[in-house]
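K.L.:
This is the structure alone, sequence omitted:
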DNA sequence: TTTAAATGCTACACGCAAGTGGTATTTAAT
DNA sequence: ATTAAATACCACTTGCGTGTAGCATTTAAA
Ligand code: SF4
Ligand code: SF4
């Protein structure tokens, strides 16, 4: 929070894919279903493909599938791939020089929440996004 | 996290002010001390002044002071004033339609962290930024 | 009253994320 | 072979947060 729109899109797409039993997903299908802009989604998927998260199949009847098991893909992997995750590790005041040893009055409370977020993102996998409820995409 | 740079600047400035016993702060002084761009800081302070957080004194020997007691100014007030805080209340996937009642698999874990952040920001005041350690601005 | 030191205002420039357009390439069905 | 349906690529545009420039206004001191 606040993730970039690109990260949102990526997580939304992969979350949808893991919750569907379709075998291969065409860009057009994803675009219409998930309200992600046409060319933007294509570029994003090509990127995720190059990074090894999804596999793209060209030509007629082509589309995208997972390139590896979804329980080996962490949310932080995706975020890091599409926007970089380091900015979420930083200081809430934008400082880079100070440390845990010499914290300002904000640091302890803030760092705790920040660390929870990082831990959440880097321990939750795409397959954990599988829901037993009806999805509302 | 990630706050906008403008919010960072605002918090940094007010944090510096509450930790200093100077009575009035000129823009030039803040600019040099806090590494915030010249005109950008002035515009920001004028904005904070219009919103009632600081009071500006024009003319020679002018500058900025707190317009009200710093323990009545919450971090969320500042953030809301300069960039809007609603975006931090949203979904990590960018959805707006679903509720706590019908959550996706992410929601509970994520909402907990998000709520902690919101609570932290809306219960911590500027005066709590007062530090007994040497500051490193 | 002139000057200097301060804030206020407005318009413009820059950088990057987000979004668009057009064309090339791949592949299966006919 | 031709066609249709799909991805890949590249350049461009748009929107917005950030930063800059210049001038106007206010006020205290000399
Ligand atoms: S000590 Fe304060 S200023 Fe330094 S990183 Fe922590 S929150 Fe930021
Ligand atoms: S239920 Fe899931 S998609 Fe809906 S707001 Fe919560 S995290 Fe976002």
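P.N.:
That came in fine, so what should we check first? Just so it is clear, the model here is predicted, and its values are computed rather than measured. Numbering: from 1, shown residues only, chains lettered A, B, ... in the order given. Ligands and ions are numbered 1, 2, ... in the order given.
K.L.:
Strands of chain A, start to end?
P.N.:
A:54-57, A:63-66 (DSSP state E).
K.L.:
Would you format those as a markdown table with mean neighbour count included?
P.N.:
From N, CA and C alone the C-beta is placed, and that goes for glycine too. Below are the strands of chain A laid out as a markdown table (neighbours: other C-beta atoms under 10 Å in any protein chain shown):
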| stretch | mean neighbour count |
| --- | --- |
| strand A:54-57 | 17 |
| strand A:63-66 | 18 |
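K.L.:
separation between the residue lying farthest from the centre of chain A and residue A:95?
P.N.:
Residue farthest from the centre of chain A, counting by C-alpha atoms, centre = their mean, is residue A:102 at 33.1 Å. Going from residue A:102 to residue A:95 by C-beta to C-beta, to the nearest Å gives 11 Å.
K.L.:
close enough to count as contact, residue A:51 and residue A:81?
P.N.:
Yes - at 4.7 Å, residue A:51 and residue A:81 qualify as touching, with contact defined as C-beta atoms under 8 Å.
K.L.:
Have a look at chain A and report its longest helix.
P.N.:
helix A:107-123 (DSSP state H).
K.L.:
Show me which residues of that helix are buried.
P.N.:
A:107, A:109-110, A:113-114, A:117-118, A:120-121 (16 or more other C-beta atoms under 10 Å in any protein chain shown).
K.L.:
could you pick out which of those are near chain B?
P.N.:
Intersecting these with the contacts of chain B gives A:109-110, A:113-114, A:117, A:120 (criterion: C-beta under 8 Å from any C-beta of the partner chain).
K.L.:
Enumerate every residue touching residue A:125.
P.N.:
A:70-75 (C-beta atoms under 8 Å, 6 or more residues apart in numbering or on different chains).
K.L.:
what separates the residue in chain A positioned nearest to DNA strand C from residue A:26, distance-wise?
P.N.:
Nearest residue of chain A to DNA strand C (C-beta to the nearest atom of the strand) works out as residue A:59 at 1.8 Å. According to C-beta to C-beta, residue A:59 stands 11 Å off from residue A:26.
K.L.:
Neighbour count: those two, which is higher?
P.N.:
The neighbour count for residue A:59 versus residue A:26, taken as other C-beta atoms under 10 Å in any protein chain shown, is higher for residue A:26 (14 against 5).
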